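In: Sequence first, then the predicted structure:
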Amino acid sequence: VCGLCGPGSYYDPSSSQGVLGVMGAAGATACSACVAGTYSRGEEFSACDYCPYGTYGSSVGMSACSACWPGTHCDAIGETSTLACKPCAVGQYSNEWGHVAGCYA
C-alpha cells in the first residue's frame with residue numbers, strides 16, 4: 001500500500017527506487033522524521049525545511065515550527081531551542097510572535 005509521507009517526515013529518494021514523496025512504492029520502506037530545527041508539512045517533499053527566522057523546532061518530526069513570543073526576536077534559521085528567542089534589550093520591545101530582526105526602540 002502506498003501513501004504520502006505524513007507531516008513532520010520526508011522520503012529520501014536516494015535510499016530506494018521509490019517515487020518522490022511516497023512511501024511503500026517500488027522498494028521504499030518508510031518515511032523518516034525531520035530532525036529538530038526542521039519541519040515538513042508532508043506534501044510530497046523529499047527533504048525537511050529549516051525552521052525560518054523568528055521560530056524554533058525543539059522536537060523531531062515537527063509539521064510546523066514554534067514562533068518566538070512577543071518581547072523576543074530570533075535572527076537565525078534552524079534553531080532547536082527556546083534559547084534562540086533572545087529577549088529584547090532594556091528600553092526596546094517586540095509585540096509580535098515570531099519576530100525576526102532586532103527589537104524596536
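Out: Noted; the coordinates are in hand.
In: Point me to the residue sitting farthest from the middle of the chain.
Out: Gly91 (31.5 Å; Cα atoms, centre = their mean).
In: Skip the chain neighbours and tell me the closest residue to that residue.
Out: Ala105 (6.9 Å; Cβ to Cβ, 6 or more residues apart in numbering). The way it works is simple: take the backbone N, C-alpha and C, and place the C-beta from them, glycine included.
In: repeat for Thr72
Out: In this structure, Thr72 finds its nearest non-sequential neighbour in Cys85, 3.9 Å apart by Cβ to Cβ, 6+ apart.
In: Could you do Glu79 as well?
Out: Tyr56 (4.1 Å).
In: And for Gly8?
Out: Using Cβ to Cβ, 6+ apart, the closest residue to Gly8 is Gly61 (3.8 Å).
In: Who does the residue nearest to Glu79 form a beta bridge with?
Out: Ser66 (DSSP bridges).
In: mind listing what it touches?
Out: Contacts were defined as Cβ atoms under 8 Å, 6 or more residues apart in numbering; by that measure Tyr56 touches 37, 65-66, 68, 74, 79-82, 84-85.
In: Just name the shakiest helix or strand of this protein by mean pLDDT.
Out: Least confident helix or strand of the chain, by mean pLDDT, DSSP states H and E, is strand 22-23 with a mean of 42.
In: pretty sure the residue nearest to Gly8 is in contact with Ala36, am I right?
Out: No. Contact criterion Cβ atoms under 8 Å: Gly61 and Ala36 do not qualify, at 9.3 Å.
In: thinking again about what came up before, between the contacts of Tyr56, which is nearest Asp49?
Out: Nearest to Asp49 among these is Cys65, at 9.0 Å by Cβ to Cβ.
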